[in-house]
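> please work out how this folds:
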Amino acid sequence: MKKLTKITMACALAMLTLKSASAQEGGFKDRFFMSLGHTIFLDFFGMPNYSNIDTTDLYYNGTTQNIVERETGYSIYTFGAKFRVNLVDLNDNTSIDVHAWPALGVSLMSDGGSHSYVGSLSFPIMAGINFGNVSTYKTSQNKGFGFGIGYEYLNGGLFGSVDEGTNYVTDNVVKTTGMPVIELAYRYWSKSNKARELSLLIGFGGSGSSKIEPGAPPAIPAPDKAAKGGYHYRLMWSHYIDY
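Okay, the predicted model is just below:
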């Protein structure tokens, strides 16, 4: 039901975007913006923590341990594309938009032990406001700023494996999460007269857990590790296409 609700909301947002853009003077092509970008070693993320039941000590003292773990990672290289549609041009130098910013990363993620993964995918959908450069096609400003807020789907482990030699009764590894995100963007003209953008993405949230699973063997809890949500920090350089 939750997945259906999210799909319905996304479709409604897309229809509203197309309707708003087509209703504005100038047509869709005058309100659509696209940029391509990349970053090297400036993309960091973590999944919500989770708990597993480790039976290593069961043979020796009759108890098990509630192990709280967390997958964290970084991207060596990330490539992203931003697709933006202005809903309203307030004037020549200010606009309100919706945009998607999917990105693929050559990344590494691990809990420091039995789990190892490579490859990441992020897909934020955001609403934003733009000032100055690249806010509209009519602006004459040399510099510009943007602010966005939205929600991101993050998969930090596209490929990977779990060490089968662990003594876990459960394996609740978390590789994907969703979280609120904000974006801060600075735009300027390069020396080659290309519109450039430096964008900072900050994500936080997602549910974490350190509870012992019902039905698991008697376990010692880990009270020193509270439930923590996921996070995502990324700094990316981009250039706009046909602007």
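
> shaky segments in the chain?
1-26, 53-66, 162-172, 206-227 (pLDDT under 70).

> which of the residues in the host helix or strand of G148 are buried?
According to DSSP states H and E, G148 maps onto strand 143-155. For strand 143-155, burial by neighbour count (16 or more other C-beta atoms under 10 Å) applies to G144, F145, G146, G148, G150, Y151, E152, L154, N155. Every residue, glycine included, has its C-beta placed from N, CA and C.

> now those in TSV, with distance to V85?
Output for the buried residues of strand 143-155, formatted as TSV (distance: C-beta to C-beta, whole Å):
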residue	distance to V85
G144	17
F145	19
G146	14
G148	13
G150	14
Y151	17
E152	18
L154	23
N155	25
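
> of the residues you listed, just say which sits nearest to G128.
G148 (3.5 Å; C-beta to C-beta).

> dump the residue contacts of that closest one.
H99, M126, A127, G128, I129, V181, I182, E183, A185 (C-beta atoms under 8 Å, 6 or more residues apart in numbering).

> 6 Å instead?
M126, G128, E183 (C-beta atoms under 6 Å, 6 or more residues apart in numbering).

> which other residues reach stretch 177-194?
The contact list for stretch 177-194 (C-beta under 6 Å, 6+ apart) reads 47-48, 124, 133-134, 142-144, 146, 148-154, 196-203, 205-206, 230, 239.

> for stretch 130-145, buried residues please.
N130, F131, G132, N133, V134, S135, T136, Y137, T139, Q141, G144, F145.

> any idea how far apart the tips of it sit?
End-to-end distance for stretch 130-145: 6 Å, by C-alpha to C-alpha, to the nearest Å.

> for the strand ranked longest in the chain, buried residues please.
The longest strand of the chain (DSSP state E) is strand 72-91. Applying a neighbour-count criterion of 16+ other C-beta under 10 Å, one finds T72, G73, Y74, S75, T78, G80, K82, R84, V85, N86, L87, D89 buried in strand 72-91.

> much appreciated, bye for now.
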